[in-house]
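Peer 1: A structural model of the following input is requested.
(one chain, ligands or ions: 1)
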Amino acid sequence: MNDKPRLVLGSGSPRRLELLAQLGVTPDDIRPPDINEDPAKGEQPRPYCVRLAREKAMAIGADDDEIVLSADTTVALGRRILGKPADAGEAAAFLSLLSGRRHRVITALAVRRGDQLWERDVVTQVKMKALSNEELNAYLATNDWQGKAGGYAIQGPAGAFIPWINGSFTAVVGLPLAETANLLGAAGYPLYKPAP
Ligand SMILES: Cc1cn([C@H]2C[C@H](O)[C@@H](COP(=O)(O)OP(=O)(O)OP(=O)(O)O)O2)c(=O)[nH]c1=O
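Peer 2: Sure thing, here's the model as predicted:
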């Protein structure tokens, strides 16, 4: 008998699809969310990130028995939210702010099945080395910053700028796998085949 529920990845992020594949999970469908990602006035990074993940999961159209997985990754420098840079100039500004400092990367997950919701967020501290102009310009020229919160991706060439993290590498990339496995399990998605 095969009563595995259908899984919908409520995310257009190719990183999240790859990270799910690392768990051996292939979603039955991919439905990217379309929500307003502007922070509310005075909104703090962590509640903002949690709210966005939830809003993404709620915005995806799905049948009652489909499981929807959405997430949001936010780079926070103190109270400041650094989103996805609009252009190379903004990416340069973000990287100059992050250069030589510690910041936080928050990834919030939201799993929805009908009107049931499971949520979890993971905060990782990340240290970026002080960047020289040469490093900054070389990185900008790769275009790897495009579509990445804070204007960098730890899994790409910017990995050379990150000597230290405290937390979850997969969360920084966009989907914390330990927590994802737990939430999918809670929602009734079988991750592991029983031994024969
Ligand atoms: C900090 C960091 C972010 N990122 C990426 C992960 C996310 O795709 C992106 C943050 O944007 P998000 O808004 O979290 O996600 P998204 O717009 O790419 O996709 P969707 O809303 O459809 O789920 O930044 C990395 O890939 N590596 C990193 O080191």
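
Peer 1: From now on I want contacts and neighbour counts done on CA atoms only, so please keep to that.
Peer 2: Noted.

Peer 1: This protein: strands as residue ranges?
Peer 2: Counting by DSSP state E, the chain has strands at residues 7-9, 29-30, 67-77, 80-82, 102-113, 116-127, 164-166.

Peer 1: Which of those sits closest to A21?
Peer 2: strand 7-9 (11.6 Å; Cα to Cα).

Peer 1: Now do that closest one: which elements does it pack against?
Peer 2: strand 29-30, strand 67-77 (3 or more Cα pairs under 8 Å, 6 or more residues apart in numbering; DSSP states H and E).

Peer 1: what's the last one packed up against?
Peer 2: Right, the one you point to is strand 67-77. Judged by 3+ Cα pairs under 8 Å, 6+ apart, the packing partners of strand 67-77 are strand 7-9, helix 45-59, strand 80-82, strand 102-113.

Peer 1: Could you list the paired strands of it along with their orientation?
Peer 2: Paired neighbours of strand 67-77 in the sheet (DSSP bridges): strand 7-9 (parallel), strand 80-82 (antiparallel), strand 102-113 (antiparallel).

Peer 1: Could you find the closest non-adjacent residue to I30?
Peer 2: L9 (4.8 Å; Cα to Cα, 6 or more residues apart in numbering).

Peer 1: mind giving me a markdown table with the strands paired with strand 67-77 and columns for distance to A59?
Peer 2: Formatted as a markdown table, the strands paired with strand 67-77 follow (distance: least, Cα to Cα, whole Å):
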| stretch | distance to A59 |
| --- | --- |
| strand 7-9 | 12 |
| strand 80-82 | 22 |
| strand 102-113 | 11 |
